[in-house]
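Q: what's the 3D shape of this:
(2 chains)
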Amino acid sequence: MENNRVTNILLSGVGGQGAILASNILAHVFVDAGYDVKKSEVHGMAQRGGDVTTHFRFGKKVYSPLIKYGDVDYLLAFELLEALRYINYCKDGAKIVINDQKILPPGVNLGLAAYPENIAAVFKKHFKKNVHLVEGQKIALGLGNAQAANVVLVGAFANFFPEIKDKMWSNALTDLLPKKILELNVRAFEEGRRSFNGNSP
Amino acid sequence: MKKILQGNEAIARGAWEAGVTVACAYPGTPSSEILAEIAQYKEITSQWSPNEKVAVEVASGAAFAGARSIACMKHVGLNVASDPFMTLAYTGIKGGFVIVVADDPNVHSSQNEQDSRNWARFAKVPMLEPGDAQECKDFTKIAFEISERFDTPVLLKGETRVSHSDSLVELGERQAAPVPLGLDPKQATKYVMVPANVRVRRKIIEERMRNLEAYADEFPYNVMEINDPRVGVISAGAAYMYTREVFPKYSYLKLGMVWPLPKKLLAKFFKKVQKVIVVEELDPFLETEIKALGYKVFHGKDLIPNMYELSPEIVESSLKGKAYKGPKIREKLDDLPKRPPNLCPGCSHRALFYSLKKLGTFVFGDIGCYTLAAGPPLQALHSCICMGGGVGQAYGAGKAFGQEGLGKMCAVIGDSTFLHGGIGPVMDTVYNKGYSTTIILDNRITGMTGLQEHAGTGYTLRGEPANMVNYEELVKALGVKNVRKVDPYNVAQTMETIKEELNRDEASVIITENGPCMLHRREKRKFQFPYYTIDTDVCRGCKACLEIGCPAISWVEKEGATKDGKKRKGTVSINRLQCPGCGLCAQICKFEAILPGQA
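A: Residues are numbered from 1 along each chain as shown, chains lettered A, B, ... in the order given. Prediction:
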């Protein structure tokens, strides 16, 4: 990594999907790895099903809590439409993990708007092999709890950072998750990590 | 030891390290987390107050007794607390007293967009503005020192991108508050603000401001960074962070104290750099003041927007003008479906507002989750000004209409909001012979800001059992003769009750019962069935059930027919995982196509 270069990660999803836990895991890991870290999210009404984004930045010294429009190096999207909403925020060559899940917004529910088609294909057109679609829901359900999809996605995302030691990820999970669901989430993380290559185009 | 903390957590930590013993707040985005965090420190007595005015009064009482105390609120909260605040600037304090006021530029979750720095100038008190979590902690601590040294309340300004951003913080130890506890009855000239004493204090305020101006020059967080001397930026808080990021070569004067301004330091900075640009969010507060000192500001609000929030790209594009090249647009996204916040599946507000919509009533509302009923498809709330505002408005509109208005309007107010600002206008409605109906939407918690306790829930901030306000007895004591209770999930009965009270030529109050917030941890409504499902043999695709905007119900377009041959363009579908079984949609369906599901 270049000296003093700040890396920008955008997390996007729908309120209730666990994006905040995901960003807390990233913060734990990159602080552990010795970086300055800033992350910023709008709470407000997020838990009422609105869209949620977290700007996550790490580097030697980070000033702005917000990523500059167009400067996203990595996009971690928990929902397809919420991935598409931020496609123009991404740099050329950005690396992208998208949860293969649709959550219909109210306008679509009411039959007043259409859910965009072929979102994955749109991403692949622009970002080619850097796009990774992960079946977070399905994998988490297979482990017995759909709620763990967020950690599956983090597991997949971890593949982008081979320099981060496994121990740092597992320490983050241990420190941030209640004991009761830790083991499930450790497995979710590992499954997510494995899902990545199988899905890679 | 360094730890990653949210700005609000860091303020709480700063208060703890500073030896604070009393903390009060009314929740409000983006300030709510401060008190929730403070509640974890056993050395601090912390509590939710019914409103911000009470929070400031309680905390300042503790400060008069010598304790270090803190009151936290969002920007509009200081409007409510402005009465005690403006006069506390006269009395000063004894123990350190800090008011945290968190702004919401871009109005992510508020009823207006205010620049709270104006309060500092207005009240003649100092204001500190941190830009990240470390500064949140450091500034909170030094705010108490300033408060005691200059005998003044101190404002600490938060804002969404500072209060809700996380960054690394070096943790410190708790120190004992330096002022001993004690009340001195002989200090009437300081604490009793009657005209003769006020005039004395008025002069002291001016002296204090002069002393604070001198102090601003030595304030350790007003920092000059000279790089390229051709351009010097004066900025503060989040605006500084954005500007420093996109223009790393410029010189900077970063103000940690935004009021009063450091005159000598400004003079020094203007000597060291050739052109000065002021970058600040919202009002031209610094710019106006710097210009008033006789300096030439090369650029300020002529380029930087004076509304909504700033961001790195807005700062860059504003200052670069035509030279700014934005990133390329890969996809046109103008038509993407939006994802606004919505009432939760099963929420009792949805049921109540469906009844109001069917009655065609004009609804004066205010602030809470229920304000979401203003949006489509319900569109059943028609005003929202401030907490408690709808009650007085409904009464006032009735005064304008006279008898003509009977049956046409009502007020709605949440439980927490009622205790915040709804009691006075209900009393007024009775006293001045109004006829409006006030519906208290009692969901047993402060919902929208993230489930905070209040005086009507029976529990304190720290989860200890407490007195629970009885709304029925309370409004009866105010003189309301007609107090009704409804189960909001029973649409027919609710509509009938509302209709009766709306047409009554006397003040009335309707209280919703057994409709706790769907996210409530302690209280749950038990619905008769676990979920509902669509009988696709019967569903005619009339879309009536979509009128309630339930996230669990969606439209499935597919031409076809019912079992008995009625043509339809599609059917609806209920997501079993999301449906809690409230049964509202089943009451709306005219064709009995929505049936209870079995566990």
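
Q: the residue nearest to B:S348 when sequence neighbours are not counted: how many residues sit nearby?
A: Counting by CB to CB, 6 or more residues apart in numbering or on different chains, B:S348 lies nearest to B:G515, which is 2.8 Å off, once chain neighbours are set aside. Bear in mind the C-beta positions are built from the backbone N, C-alpha and C, glycine included. Using other CB atoms under 10 Å in any protein chain shown, B:G515 is surrounded by 23 other residues.

Q: surely B:G515 is within a helix?
A: No: B:G515 is assigned coil when assessed by DSSP: H, G, I helix; E, B strand; the rest coil, not a helix.

Q: what's the pLDDT at A:R48?
A: Looking at A:R48, its pLDDT stands at 67.

Q: again, but for B:K563
A: B:K563 carries a pLDDT value of 96.

Q: that one: what's it in contact with?
A: Contacts for B:K563 (CB atoms under 8 Å, 6 or more residues apart in numbering or on different chains) come out as B:537-538.

Q: ditto for A:Q17
A: A:52, A:78-79, A:103, A:149-150.

Q: for it, give its distance to A:L153.
A: Distance, A:Q17 to A:L153, using CB to CB, to the nearest Å: 9 Å.

Q: setting aside sequence neighbours, what's the nearest residue to the closest residue to chain B within chain A?
A: In chain A, the residue that lies nearest chain B is A:G70 (2.5 Å; CB to the nearest CB). Nearest non-adjacent residue to A:G70, counting by CB to CB, 6+ apart: B:P327, 2.5 Å away.

Q: what do you get for A:S195?
A: Of all residues apart from its sequence neighbours, A:V134 sits closest to A:S195 (CB to CB, 6+ apart), at 5.3 Å.

Q: so the one you found bridges to which residues?
A: Under DSSP bridges, the beta-bridge partners of A:V134 are A:N99.

Q: so it touches A:R193, yeah?
A: No: contact criterion CB atoms under 8 Å: A:V134 and A:R193 do not qualify, at 10.1 Å.

Q: my guess is the residue nearest to B:S348 meets B:P488, correct?
A: Yes: B:G515 lies in contact with B:P488 (CB under 8 Å); the separation is 5.0 Å.

Q: what touches both of these two?
A: Residues touching both B:G515 and B:P488 (CB under 8 Å, 6+ apart) are B:348-349, B:351-352, B:441.

Q: which of these sit farthest apart?
A: Across the shared contacts of B:G515 and B:P488, the longest distance by CB to CB is 10.4 Å; it joins B:A351 and B:L441.

Q: between those two, which contacts overlap?
A: Residues within reach of B:A351 and of B:L441 at once, by CB under 8 Å, 6+ apart, are B:488, B:515.

Q: in chain B, where is pLDDT below threshold?
A: In the predicted model, chain B carries no residue with pLDDT under 70.

Q: same deal with chain A?
A: Applying pLDDT under 70 to chain A flags residues A:1-4, A:42-48, A:197-201.

Q: related to what we said a few turns ago, more neighbours: which of A:V134 and A:R193?
A: A count of neighbours by other CB under 10 Å puts A:V134 above the other of A:V134 and A:R193, at 26 against 18.

Q: helices - which of the shared contacts of B:G515 and B:P488 land there?
A: Counted as lying in helices by DSSP state H, out of the shared contacts of B:G515 and B:P488, are B:348-349, B:351-352.

Q: the closest residue to B:P377 other than its chain neighbours: what's it in contact with?
A: Sequence neighbours aside, B:G549 is the residue nearest to B:P377 in space, at 4.7 Å (criterion: CB to CB, 6+ apart). Applying CB under 8 Å, 6+ apart, we find B:G549 in contact with A:106, A:109-110, B:342-343, B:350, B:375-378.

Q: can you turn the buried part of the residues you listed into a PyMOL selection?
A: Here is the PyMOL command that selects the buried residues among the contacts of B:G549 (16 or more other CB atoms under 10 Å in any protein chain shown):
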select buried, (chain A and resi 106+109+110) or (chain B and resi 342+343+350+375+377+378)
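
Q: which of the contacts of B:G549 sits closest to B:R201?
A: For those, the nearest to B:R201 is B:G375 (48.1 Å; CB to CB).

Q: among the contacts of B:G549, which ones are in helices?
A: A:106, A:109, B:350.

Q: now these in a markdown table, with distance to B:F285?
A: Rendered in a markdown table, the data for the ones in helices among the contacts of B:G549 read as follows (distance: CB to CB, whole Å):
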| residue | distance to B:F285 |
| --- | --- |
| A:P106 | 38 |
| A:N109 | 44 |
| B:R350 | 42 |
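
Q: now, which of those residues sits nearest B:G560?
A: A:N109 (19.6 Å).

Q: who is the closest residue to the closest one other than its chain neighbours paired with across the strands?
A: Excluding the flanking residues, the one nearest A:N109 by CB to CB, 6+ apart is B:S554, at 4.2 Å. Listed beta-bridge partners, B:S554: B:S573 (assigned using DSSP bridges).

Q: can you pull the contacts of B:S554?
A: Contact analysis of B:S554 by CB under 8 Å, 6+ apart lists A:104, A:108-109, B:572-573, B:575.

Q: circling back: give me the buried entries from the contacts of A:Q17.
A: By 16+ other CB under 10 Å, the contacts of A:Q17 give A:52, A:78-79, A:103, A:149-150 as buried.

Q: which of the residues you listed sit farthest apart?
A: Between any two of the buried ones among the contacts of A:Q17, the greatest separation by CB to CB is 14.5 Å, found for A:V52 and A:A149.

Q: before we move on, the earlier item: for the residue nearest to B:S348, list the residues it contacts.
A: With contact set as CB under 8 Å, 6+ apart, B:G515 has these partners: B:348-349, B:351-352, B:441-443, B:487-489, B:525.

Q: of those, select the buried ones using a PyMOL command.
A: Buried residues within the contacts of B:G515, by 16+ other CB under 10 Å, are selected in PyMOL with:
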select buried, chain B and resi 348+349+351+352+441+442+443+487+488+489+525
